[in-house]
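**Student:** Predicted coordinates and the sequence they were generated for:
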Amino acid sequence: SKIAEVDLCLAFANSAKKFRYVKPEVYKGYTLEIKNGRHPLVEGFMDTPFIPNNTYLDERKFFALITGPNMGGKSTYLRQVGLICLMAHMGCYVPADYAKIPLLDRIFTRIGASDDLTRGISTFMAEMQEVSNILKNATKNSLILLDEIGRGTSTHDGLAIAWAVSEYILNNIKAKTLFATHYIELSKLASSHENAFNLTVKVEESESGVRFLYKVIPGSADKSYGIYVAKLAGIPESVIERAKELQEKFEREFLIKSSSDGGDILEYLKNLNVDALSPKDALFVIYELKRMMGG
């Protein structure tokens, strides 16, 4: 027992020295602050320098909605914050330049996809059970890490569930929360709730393509890059081109249907991917909008 304890402390010390960890300040307050935090495992497998990120959650702004593309670094960011908090509670130094960690009663995570087919539990059901456990047991002194909610059902169902869960955490639990999502619409929640705020992962677009910078910054994503990631994964070019055509078609139909139902035309125009429209498609959209306005 004593030898194991000494061995553990020695391992902590060796890791702290080798990977440039710092001593965290663990205290009884609420605010969580991490400067230039890193993922302790991911950085060890990288050939290039790990891009560090800051975290700041306090009683005024404790719910962060993180939007951005696949492969952009959202999941890594969530995990590194959780690991840094866990390491601090273990008595270990942490991968950051500075860390002020409040005493947490528990760290709750809803990350990844899993099922239990032998019990008839689908991936979506397993996800909902995890969310249920969080909502029933988390307290103000918990840390909640949500990596997507509602992907296993229709878009409107999933968005509604994700929004309602967010409101419940904000209004009832008030726990420090990082919520990464592909539902860009959720970013509007921050404008309607004083305790929520938006973060996104920085993306650089150029003629040569898209470059993920892995930097978490204030703001929300204005579009997704799913088709680009599919191309990176090796999906055949013919499929990629067809997907782009369908994306244009679906966006155009969504715009027209929503506007004809009395929706906010300006809002949907703002969300329309203009760069993806062909001249013919753009002209069609203009004619349809003119027709709906009675022109």
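**Tutor:** Arrived safely.
**Student:** Where does residue 66 sit: helix, strand or coil?
**Tutor:** Three-state call for residue 66 (DSSP: H, G, I helix; E, B strand; the rest coil): strand.
**Student:** wait, I meant residue 216
**Tutor:** Using three-state DSSP, the secondary structure recorded for residue 216 is strand.
**Student:** where's the closest residue to it other than its chain neighbours relative to residue 75, distance?
**Tutor:** Taking Cβ to Cβ, 6 or more residues apart in numbering, and ignoring the residues beside it in sequence, residue 216 has residue 53 as its nearest neighbour in space, at 4.4 Å. Every C-beta, even on glycine, is put in place using the N, C-alpha and C of the backbone. Separation of residue 53 from residue 75 (Cβ to Cβ, to the nearest Å) stands at 13 Å.
**Student:** out of the two, which sits in the more crowded spot?
**Tutor:** Looking at residue 53 and residue 75 with other Cβ atoms under 10 Å, you find the greater number of neighbours at residue 53, namely 23 against 18.
**Student:** Now do the contacts for that one.
**Tutor:** Residue 53 is in contact with 36-37, 73, 77, 80, 214-216, counting by Cβ atoms under 8 Å, 6 or more residues apart in numbering.
**Student:** could the residues you listed go into TSV alongside distance to residue 66?
**Tutor:** Compiled in TSV, those are given as follows (distance: Cβ to Cβ, whole Å):
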residue	distance to residue 66
36	18
37	14
73	9
77	7
80	13
214	13
215	12
216	7
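**Student:** Tabulate the residues you listed (CSV), appending neighbour count, distance to residue 123 and pLDDT.
**Tutor:** Supplementary listing: those in CSV, determined by neighbours: other Cβ atoms under 10 Å; distance: Cβ to Cβ, whole Å; pLDDT from 0 to 100:
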residue, neighbour count, distance to residue 123, pLDDT
36, 16, 35, 98
37, 25, 30, 98
73, 23, 24, 90
77, 27, 23, 96
80, 26, 25, 97
214, 18, 27, 92
215, 17, 31, 95
216, 25, 27, 95
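**Student:** From the residues you listed, pick the one nearest residue 24.
**Tutor:** Using Cβ to Cβ, residue 37 comes nearest to residue 24 of the contacts of residue 53, at 10.5 Å.
**Student:** That closest one contacts residue 81, correct?
**Tutor:** Yes: distance between residue 37 and residue 81: 6.6 Å, which falls inside the contact criterion (Cβ atoms under 8 Å).
**Student:** And the nearest residue to residue 55 once chain neighbours are set aside, how far from residue 25?
**Tutor:** Leaving out its chain neighbours, the residue that sits closest to residue 55 by Cβ to Cβ, 6+ apart is residue 34, at 4.2 Å. Distance of residue 34 to residue 25, given as Cβ to Cβ: 11 Å.
**Student:** Could you tell me which residues touch both of the two?
**Tutor:** Residues touching both residue 34 and residue 25 by Cβ under 8 Å, 6+ apart: 99-101.
**Student:** Could you dump those into CSV with neighbour count, pLDDT and secondary structure added?
**Tutor:** Formatted as CSV, those follow (neighbours: other Cβ atoms under 10 Å; pLDDT from 0 to 100; DSSP: H, G, I helix; E, B strand; the rest coil):
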residue, neighbour count, pLDDT, secondary structure
99, 25, 98, strand
100, 17, 98, strand
101, 23, 98, strand
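**Student:** Just put the residues you listed in a markdown table and tack on distance to residue 115.
**Tutor:** A markdown table is the format used below for the shared contacts of residue 34 and residue 25 (distance: Cβ to Cβ, whole Å):
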| residue | distance to residue 115 |
| --- | --- |
| 99 | 36 |
| 100 | 38 |
| 101 | 34 |
